[in-house]
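Q: let's see this in three dimensions:
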Amino acid sequence: MNEQAIKELLYTLADNQLVLGHRNSEWTGIGPILEEDIAFSSMAQDKLGHSLAFYALLYELGESDPDTLAFMRNPSQFHCCQLVELPIGEYDFSLIRHFLYDHAEAIRFEYLTQAGYEPLAKVATKLRGELKYHLLHANTMVKQLGNATAESINRLQQSLNDAFPYALGMFESSPYEAELASAGIFPLESQIQTQWLENIRKVLAQTQLQLPDLESVMPVFGGRRGVHSEYLQPLLDEMAEVYNLDPNTEW
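A: Numbering: from 1, shown residues only. Take a look at the predicted model:
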């Protein structure tokens, strides 16, 4: 198996978790209600922990240590999709992003537990349980607010419309995906997208929300190739602010 194929997959998984974890952490102290403040803070911590686990696997494959990978790369070296980079916006946008992202992540982790690369399968099996709670939270809040007032429904629908092109970017093809699929390590992104659409449609069917027409939406790709939004560099600067004070400090 081409080791570079494994590394590219791990970078994509780790970078998505790291960046969205930091975005979700921005709700700490400003959530619309205390329960949601705690929920987003907890999910942020989980995602940062997941990113560390994947960066540790990269380190075992000869890449730099996790802190260097997290804090010392420039945007063009990141493999995350643009969805996770976007500012938190209002609560409705962050909720919809959480819903769309974690439905995809749940499918990914299910496949990863069966990966033909044992170190990755072990990590995914250990972490998968946390995603069940993320998904439960997302589904509960989307169904609740997607059936509440006209304002909540309209706001969620607008956020769904805005986020959907970026969400499709989660399934940008990997240059190694055919190789990974044939080796039994990870399926084609198109296969994950098909399952994802089926799963989110089932939840949205229980609300007043409508999934945008897939044929009329242009996916926002580029992240896996280092093409990112204007929002990533400022976020990376903020993430690395303390680390850069003294990169040689041992905690």
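
Q: what's in contact with stretch 222-239?
A: Stretch 222-239 has contacts (CB atoms under 8 Å, 6 or more residues apart in numbering) with 8, 12, 19, 22-23, 70-71, 73-82, 85-87, 169, 172-174, 221. To be clear about C-beta, it is placed using only N, CA and C from the backbone, and glycine gets the same treatment.

Q: narrow these to those in helices?
A: 8, 12, 19, 22, 23, 70, 71 (DSSP state H).

Q: just among those residues, which is most surrounded?
A: Tallying neighbours with other CB atoms under 10 Å puts residue 19 at the head of these, with 28 neighbours.

Q: what sits against that residue?
A: 78, 80, 84, 85, 232, 235.

Q: the second one: how many residues sit nearby?
A: When you say that, I think you mean residue 80. 26.

Q: my guess is it contacts residue 15, does it?
A: Yes - judged on CB atoms under 8 Å, residue 80 makes contact with residue 15 at a distance of 3.9 Å.

Q: without its sequence neighbours, what residue ends up closest to residue 179?
A: Excluding its sequence neighbours, the residue lying closest to residue 179 (CB to CB, 6 or more residues apart in numbering) is residue 5, at 5.2 Å.

Q: kindly report the same for residue 128.
A: residue 109 (4.6 Å).

Q: with residue 146 instead?
A: The spatially closest residue to residue 146, leaving aside those adjacent along the chain, is residue 207, at 3.0 Å (CB to CB, 6+ apart).

Q: what pLDDT is listed against the one you found?
A: Looking at residue 207, its pLDDT stands at 98.

Q: tally up the residues packed near it, please.
A: Using other CB under 10 Å, residue 207 has 19 neighbouring residues.

Q: element containing it, please.
A: Using DSSP states H and E, residue 207 sits within no helix or strand.

Q: since that was my last question, I'll sign off now.
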